[in-house]
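*Asks:* turn this into a model:
(4 chains)
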There are 2 protein chains.
Amino acid sequence: MVQSQAAQSLTIGKLAAAAGVGVETIRYYQRRGLLQTPARDREVRRYGAHDLRRLHFIRQAQAAGFTLEEIRELLDLDAGEDRRRARELASARVTALDEKIAQLQRARDSLKRLAAECGKGTSGPCPILASFDE
Amino acid sequence: MVQSQAAQSLTIGKLAAAAGVGVETIRYYQRRGLLQTPARDREVRRYGAHDLRRLHFIRQAQAAGFTLEEIRELLDLDAGEDRRRARELASARVTALDEKIAQLQRARDSLKRLAAECGKGTSGPCPILASFDE
DNA sequence: CTTGACTCTGTACCATGGTACGGAGGTTAT
DNA sequence: ATAACCTCCGTACCATGGTACAGAGTCAAG
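*Replies:* Modelled structure (predicted):
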């Protein structure tokens, strides 16, 4: 069996509500191959914990900066044997995140200084254009 | 005078090359109000250090997570007197960046663990779907 | 056994931040 | 002075990640 038969009990609307996304978003993910479209046994399609789990993963992976295409690949990989590829995707993202975090940290510090600068005087311009010059 | 008359000597192509963006991007920024469109005195429009500076600012501000619309406002504000608004924009972004940085850091740590996990064994799946469960 | 809510499917539309293209005109190197 | 290349302008198109809507079918409560 391709999937446990337990608790396949949610309609798409309930699944969407449980995951905190819109119904249309779920259908969009199905079209993009991130979620499978269950068979229409009892006339209306039913979803379960499996799908909810994937939706949670999708949210976290998006926050980590993966594109939907990469997330699709990760979800495919989850069931499979290709540890090398999985590792590759994860490592590449770690590298990208390290760079991104450093960049955001620098930007944050610049803006913190700018805000302080703007807070000091009460009239005249504060040096916005210069704010990112180190 | 609205702008120093010095060294207004770049064509749009040179300006684009100097800033590391495409010509079409500069025209797009003009349409969006982030750059002004110089008069057509000597038949072809000329740009200067002023514009290059703005383009550098735009890049940094984008990296800081401002939208083009916010950047447009910041550029307007740079010349003006509204320190309160400038401070507001900067402070809001600092807050957002602090949250974002923390989120990315958590994601990074999860992915680092996943990569290590995938590197350990040589066969079988590694726990991708579970990777963001704390 | 009807009424109202939900589902299904296909297709269209949206925001953001660009990128490309066509045709007319300006500019520069040889 | 002419070819090769740039600029100008309007408009169209692109990717990403959704969001909306119409029309037909299904389901559940009273």
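*Asks:* low-confidence bits of chain A, can you list those?
*Replies:* Within chain A, the stretches falling below the threshold (pLDDT under 70) are A:1-7, A:42.
*Asks:* what about the helices in it?
*Replies:* Counting by DSSP state H, chain A has helices at residues A:12-19, A:23-31, A:49-63, A:68-79, A:83-120.
*Asks:* figure out which of these is closest to DNA strand C.
*Replies:* With CB to the nearest atom of the strand, the closest approach to DNA strand C among those belongs to helix A:12-19: 2.7 Å. Just so you know, the C-beta spots here come from the backbone N, C-alpha and C atoms, and that holds for glycine as well.
*Asks:* give me the neighbour count for A:Gly13.
*Replies:* Using other CB atoms under 10 Å in any protein chain shown, A:Gly13 has 12 neighbouring residues.
*Asks:* around DNA strand C, pick out the residues from chain A.
*Replies:* Within chain A, the residues that sit near DNA strand C (CB under 7 Å from any atom of the strand) are A:11-14, A:23, A:27, A:37, A:40, A:44-45.
*Asks:* now, of the residues you listed, which are buried?
*Replies:* Buried positions within the residues of chain A next to DNA strand C, assessed by neighbour count (16 or more other CB atoms under 10 Å in any protein chain shown), are A:12, A:45.
*Asks:* out of the residues of chain A next to DNA strand C, which is nearest to B:Arg93?
*Replies:* Proximity of the residues of chain A next to DNA strand C to B:Arg93 was ranked by CB to CB; the top entry is A:Val23 with 33.1 Å.
*Asks:* residues contacting the closest one?
*Replies:* By CB atoms under 8 Å, 6 or more residues apart in numbering or on different chains, the residues touching A:Val23 are A:12-13, A:16.
*Asks:* now the most centrally placed residue in chain A, nearest residue through space, not along the chain?
*Replies:* Centroid check for chain A by CA atoms, centre = their mean gives A:Gln62 as the closest residue, at 1.6 Å. Distances taken as CB to CB, 6 or more residues apart in numbering or on different chains put A:Ile71 closest to A:Gln62, at 7.0 Å, once the chain neighbours are dropped.
*Asks:* if we can go back for a sec, could you dump the residues of chain A next to DNA strand C to CSV with distance to B:Cys126?
*Replies:* Formatted as CSV, the entries for the residues of chain A next to DNA strand C read as follows, by distance: CB to CB, whole Å:
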residue, distance to B:Cys126
A:Thr11, 33
A:Ile12, 30
A:Gly13, 34
A:Lys14, 31
A:Val23, 32
A:Arg27, 30
A:Thr37, 27
A:Arg40, 33
A:Val44, 35
A:Arg45, 30
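*Asks:* count of neighbours near the closest residue to DNA strand D within chain A?
*Replies:* When distances are taken as CB to the nearest atom of the strand, chain A reaches nearest to DNA strand D at A:Glu43, 2.2 Å away. Using other CB under 10 Å as the criterion, A:Glu43 is surrounded by 6 other residues.
*Asks:* list the buried residues for stretch A:99-119?
*Replies:* Residues of stretch A:99-119 classed as buried under the neighbour-count rule (16+ other CB under 10 Å) are A:100-101, A:104, A:107-108, A:110-112, A:114-115, A:117-118.
*Asks:* can that stretch be found next to DNA strand D?
*Replies:* No. Legend: contact between stretch A:99-119 and DNA strand D by CB under 7 Å from any atom of the strand is lacking; minimum distance shown is 14.5 Å.
*Asks:* what of stretch A:16-23?
*Replies:* Yes. Using CB under 7 Å from any atom of the strand, stretch A:16-23 comes into contact with DNA strand D via A:21-22.
*Asks:* for that stretch, the distance to its chain's centre please.
*Replies:* Average the C-alpha atoms of stretch A:16-23, do the same for its chain, and the two points are 14 Å apart (CA atoms, centre = their mean, to the nearest Å).
*Asks:* over to stretch A:36-55?
*Replies:* Average the C-alpha atoms of stretch A:36-55, do the same for its chain, and the two points are 21 Å apart (CA atoms, centre = their mean).
*Asks:* only the buried residues of it, if you could.
*Replies:* Burial within stretch A:36-55, assessed by neighbour count using 16+ other CB under 10 Å, is assigned to A:38, A:45-48, A:50-51, A:54-55.
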